[in-house]
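Student: Following is a predicted model, sequence given first.
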Amino acid sequence: MSTPVTSDTFTVEEARALAPYFSNTNRTVFALINLPETVKGALFARYSRSAKSLRRLFLDEFLGDLSNDGGGFKPAAAPEARSEDRLGSARADKLYAKVLNEYGDDSVAQLGSAHLACEGVSNVLTKVLEWGRLMAYLEQSTRYVPYTDRPNGNWKYHVPAELDGSPLRESFVRTLDHAFETYARWIPALEAHFRAKYPKAAEDTDGVYRSVIRAKALDTLRGLLPAATTSNVGLFGTGQAFEALLLRMFAHPLQEVRRHAELMLAELRQVIPAFLTRVDQPNRGGQWIEYLAETRRTFNGATPRFLSDAPSPAVPEVTLTDFDPDGELKVAAAALYAHSALPDAELLVRVRRLSPDDRDALLKAYVGQRRNRRHKPGRAFERTTYRFDILTDYGAFRDLQRHRLLTLEWQPLSTRHGYTEPAAIEETGAQRDWRTVMRQSAELYEALAAAGLTEIAPYAAVMAYRVRFYMEMNAREAMHVIELRTAPQGHPAYRRVCQLMHRAIADVAGHHAIAAAMQFADHSEVELERLQSERAMERKRRIAD
């Protein structure tokens, strides 16, 4: 089959000028390369309102018309030697100002993107950074990175600026230092415990075995780390996503969050400046920030009279609080929709008339033969939703919170819902030290709250303490979350949560066919969570070598 060739005709000089910025100059499918994000986005924005091809538009309006002497087209300099004006950045900035400020066409802000790293930020801040749905995140893992380093003699945690001048600052530092010292001291003992409990198999290399034992020890002890523990986060997002994130951050009550909004804005303006012009304009971003901050303050003041101080009742770790009893019927009707000419309501009537066996057969055919968890059924599974109320340790919440194609909201982290304690803590004789850290964390939390420092009190809570949050998702996203997070290599805490979610879909909602379609949900008991995964990676390394 021949490759489609563009109808554009370029001179030799024009083709030479295009070559540094496009992956080819003669085919109908091509990529943009070596261009600032602002220029790429502006090109696409202009593209939607022009009859010209993209490469012709670039030559005519973003390169040739910007020669310094005001003359006609001139070839571009080499990428490493080009100036920003030569690449049309000035024109791009003007176009964004016009489209975003005058027309309010926010979709244009989706056309450029940036990678950003935030290092040494608290786990409280990482949850703010990872709030948005339309971004990608990677966060430093407590499973693979032991928090034993002490740069400049300090453990890796954030001391809130709100404590400056407060008599509680010394108590904060002393309590968190002790939590880190306890964590670091018990790592060798936990590793020795797991080596004795799970001897190395002959088939495993020393490297695989060491990695698995270390991960098991760190997973067990991560509950001693406070929410103030610092981490490194990588973010990738569009200009629109970063704008929304920054607006939320500037309106946040915590100084750490607002300060990092300033730092992030300064760096992003070096790579995608035109996308962020509205953030600190008083009549645009300024009004938006004030709206968010004022709404938070007003609602916080309005809620106490609606809430009692009575202790919350004991509840299971996972509760399915809302679902549609007809969910499976609706999924089956939705599966037929794209293959029919009938109205939605009529399809539902017809599916109701089917026998249970016929409905099950219909859904099985729609799901097909899944060979791994990445093979997922279509959008019909988005026709029904589940809302789970979850009360589990903060460490597990950190992992589940990063799922984005769902609705998730959490209550403030506190030490008032109790904590979890892995069995290995008692088995190794670490129970007394563990509970001392828990008690000191709770005492510090209550002292901060009593002093009116309620916003920063969560920094003091260690990750073994429970936090309440809900996850509401359709069946398709539930399949993704449950199958991914019950995999044998997962942390026991979030594996348990997702196993309970899977059982609730089948047993509480009665959606047996939907639960059965989640065939890669793993309910097995796993002792060394990372073992099979590390073995698989070792096999891949051997093949690569």
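Tutor: The structure has been received and is ready for your questions. Residues are numbered from 1 along each chain as shown.

Student: which residues of the protein score low on pLDDT?
Tutor: By pLDDT under 70, the weakly predicted segments of the chain are 2, 64-106, 310, 545.

Student: Give me the most central residue, it.
Tutor: For the chain, the residue nearest the mean C-alpha position is residue 402 (3.4 Å; C-alpha atoms, centre = their mean).

Student: correct me, but it touches residue 139?
Tutor: Yes: between residue 402 and residue 139 a contact is recorded at 7.3 Å, counting by C-beta atoms under 8 Å. Glycine gets a C-beta too; all of them are placed from N, C-alpha and C.

Student: circling back to that earlier point, the residue nearest to the centre of the chain: what's its closest spatial neighbour, skipping adjacent residues?
Tutor: residue 130 (5.5 Å; C-beta to C-beta, 6 or more residues apart in numbering).

Student: Residue 254 now?
Tutor: Beyond its immediate neighbours in the sequence, the residue positioned closest to residue 254 (C-beta to C-beta, 6+ apart) is residue 455, lying 5.9 Å away.

Student: Report the contact partners of the one you found.
Tutor: The neighbourhood of residue 455, defined by C-beta atoms under 8 Å, 6 or more residues apart in numbering, consists of 162, 253-254.

Student: quick one: it from residue 387, how far?
Tutor: Computed as C-beta to C-beta, to the nearest Å, the residue 455 to residue 387 distance reads 28 Å.

Student: re the thing from before, ok, the residue nearest to residue 402 to residue 252 distance?
Tutor: 14 Å.

Student: again with residue 283
Tutor: Between residue 283 and residue 252 the distance, using C-beta to C-beta, works out to 21 Å.

Student: Which one of the two is surrounded by more residues?
Tutor: Between residue 283 and residue 252, counted using other C-beta atoms under 10 Å, residue 252 has the larger neighbour count: 19 against 8.

Student: Which residue, other than its chain neighbours, is closest to that one?
Tutor: residue 258 (5.9 Å).

Student: For the one you found, grab the count of nearby residues.
Tutor: Residue 258 is flanked by 16 other residues according to other C-beta under 10 Å.

Student: Can you list the neighbours in contact with the helix or strand containing it?
Tutor: Residue 258 is located in helix 255-268, with elements delineated by DSSP states H and E. Helix 255-268 is contacted from outside by 114, 116, 118, 121-122, 124-125, 128, 158, 160-162, 242, 245-246, 249-250, 252, 275-276, 279-280, using C-beta under 8 Å, 6+ apart.

Student: Apply 6 Å and report the result again.
Tutor: Around helix 255-268, the neighbours that count as contacts under C-beta atoms under 6 Å, 6 or more residues apart in numbering are 114, 125, 128, 161-162, 242, 246, 249-250, 252, 276.

Student: So which of those is the closest to residue 433?
Tutor: Proximity of the contacts of helix 255-268 to residue 433 was ranked by C-beta to C-beta; the top entry is residue 125 with 28.0 Å.

Student: how deep is that closest one tucked in, by neighbour count?
Tutor: For residue 125, the count of nearby residues is 25 (other C-beta under 10 Å).

Student: need the contact list for the nearest residue to residue 420 once chain neighbours are set aside.
Tutor: Distances taken as C-beta to C-beta, 6+ apart place residue 393 nearest to residue 420, at 4.5 Å, with adjacent residues excluded. Contact criterion C-beta under 6 Å, 6+ apart gives 420, 464, 466, 493 as the residues in contact with residue 393.
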